[in-house]
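Novice: Based on what follows, work out the 3D shape:
(chains A and B)
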Amino acid sequence: MPKILIADDSQTARMIMRRCIEIAGVREPAFIEAIDGEAALAAVKKDLPDLIVADLNMPKIDGETLLKTLKSDSKTQGIPVIIASSAVNPVRNQRLEQLGVLGFVTKPVTVSAVKSIFERWKGN
Amino acid sequence: MGSIHQEALRESACDALETLAFTELHEVGRSDLPQKENRLGARIALGEDGLLDIYLTRPFLVEIAAVLFTANEDQLDSAIMNDTLLEITNIIAGRYLAKIREGRSDFVLGLPELLQDSPKWQAHPVRVTLESSPDHFLALGLMPTATKDA
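Specialist: Presented below is the predicted three-dimensional model:
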């Protein structure tokens, strides 16, 4: 039962992501939700998830800062992180890859995009 | 705003709503917009590319939220409706920026905010108006940052 943390300030976006993950065939996922990067870090401290899907554009702590913070801590650097964003930005994506992001999904998220990136997660 | 940007904005809105809510959009003229005050608006900063305002008629937003949340209208409260509008704004803006920037440089997208005052969609200098059914309208307005509020 994989623990998946979804960090996004939009309830709508979190719901869509949850639904896509379920339809993509992830078996019995246990979802943890966070409304921004700060809440995501607090949730990670409480209970390490197996995977994090984080929106890039969030108040308080954004997705990029969240990723940086996770990768700089030995307890959390191994958690795979997927970044969701409404804008494909190759310059920024290169930066995120250097930080160790697992992959990207573009909003609006589709089941096929989630399936494809989750295959990569399973492969890792 | 040049026609290339207008086209990019129109495509972004069409792509977003087709994927999100299986809604096909058709462009209409400014004079086709309803005059009744039955709309909600949101704004998002596009960095140096200005500001984007998006307006939806309430029935249209209700329909989109109902599809997304698999809910009836009476199950949708204003918090859900507002959140859906903000997310739609975020998605359209992100797609638009990605199109006009074409990977040439880094860019920053702001956080979407609700427009609290009754939005006057005729007030904006540039618009793309899209309709999917008689009371379903979406209007988009791009403004340079310096002239953000009328």
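Novice: Which other helices and strands does the helix or strand of chain A with the lowest mean pLDDT contact?
Specialist: The helix or strand of chain A with the poorest confidence is helix A:111-123; it has a mean of 90 (mean pLDDT, DSSP states H and E). Helices and strands touching helix A:111-123, by 3 or more Cβ pairs under 8 Å, 6 or more residues apart in numbering or on different chains; DSSP states H and E, are helix A:11-23, strand A:103-106. C-beta: built from backbone N, CA, C; applies to glycine.
Novice: Out of those, flag the one nearest chain B.
Specialist: Among the helices and strands packed on helix A:111-123, the nearest to chain B by Cβ to the nearest Cβ is helix A:11-23 (4.3 Å).
Novice: now the helix or strand just after the closest one: how far from the chain's centre is it?
Specialist: Going down the chain from helix A:11-23, the next helix or strand is strand A:30-34, by DSSP states H and E. Put simply, strand A:30-34 sits 11 Å off its chain's centre (Cα atoms, centre = their mean, to the nearest Å).
Novice: Wait, B:Pro59 touches B:Asn38, no?
Specialist: Yes: contact criterion Cβ atoms under 8 Å: B:Pro59 and B:Asn38 qualify, at 7.5 Å.
Novice: These two: which is more packed in?
Specialist: The residue with more neighbours, out of B:Pro59 and B:Asn38, is B:Pro59; 16 against 13, by other Cβ atoms under 10 Å in any protein chain shown.
Novice: what helix or strand does B:Glu27 sit in?
Specialist: Short version, using DSSP H and E: B:Glu27 is in strand B:26-28.
Novice: Which strands or helices does that strand pack on?
Specialist: Checking 3+ Cβ pairs under 8 Å, 6+ apart, strand B:26-28 ends up next to strand B:128-133.
Novice: So which residues on chain A come close to chain B?
Specialist: A:9-13, A:15-16, A:57, A:59, A:85-92, A:106-108, A:110 (Cβ under 8 Å from any Cβ of the partner chain).
Novice: follow-up on the earlier one: determine how far the strand holding B:Glu27 lies from the middle of the whole chain.
Specialist: Strand B:26-28 has its C-alpha centroid displaced from the chain centroid by 14 Å (Cα atoms, centre = their mean).
Novice: For that strand, which strands pair with it and how are they oriented?
Specialist: Paired with strand B:26-28 in the same sheet, following DSSP bridges, are strand B:128-133 (antiparallel).
Novice: Name the next helix or strand downstream of the strand it pairs with, please.
Specialist: With elements assigned by DSSP H and E, the helix or strand that comes after strand B:128-133 is strand B:136-143.
Novice: Provide the strand pairings for that following strand, with the direction of each partner.
Specialist: strand B:51-57 (antiparallel), strand B:128-133 (antiparallel).
Novice: Going by mean pLDDT, which of these comes out lowest?
Specialist: Here those differ in mean pLDDT, and the lowest is strand B:128-133 at a mean of 65.
Novice: rewinding a little: and of the helices and strands packed on helix A:111-123, who's closest to B:Leu97?
Specialist: strand A:103-106 (12.1 Å; Cβ to Cβ).
Novice: Spell out which parts of chain B neighbour chain A.
Specialist: B:16, B:19-20, B:65, B:68-69, B:79-80, B:83-84, B:86-87, B:90-95, B:97-98, B:101, B:103, B:105-107, B:109, B:111.
Novice: Please check those and keep the buried ones.
Specialist: Buried by 16 or more other Cβ atoms under 10 Å in any protein chain shown: B:16, B:19-20, B:65, B:68-69, B:80, B:83-84, B:86-87, B:90-95, B:97-98, B:101, B:107, B:109, out of the residues of chain B next to chain A.
Novice: Tell me the buried residues in the helix or strand that contains A:Ala43?
Specialist: Element membership of A:Ala43, judged by DSSP H and E, is helix A:37-46. By neighbour count on 16+ other Cβ under 10 Å, the buried set for helix A:37-46 is A:Gly37, A:Glu38, A:Ala39, A:Ala40, A:Leu41, A:Ala43, A:Val44.
Novice: how close does the fourth one get to A:Asp9?
Specialist: For A:Ala40, the distance to A:Asp9 under the criterion Cβ to Cβ, to the nearest Å works out to 11 Å.
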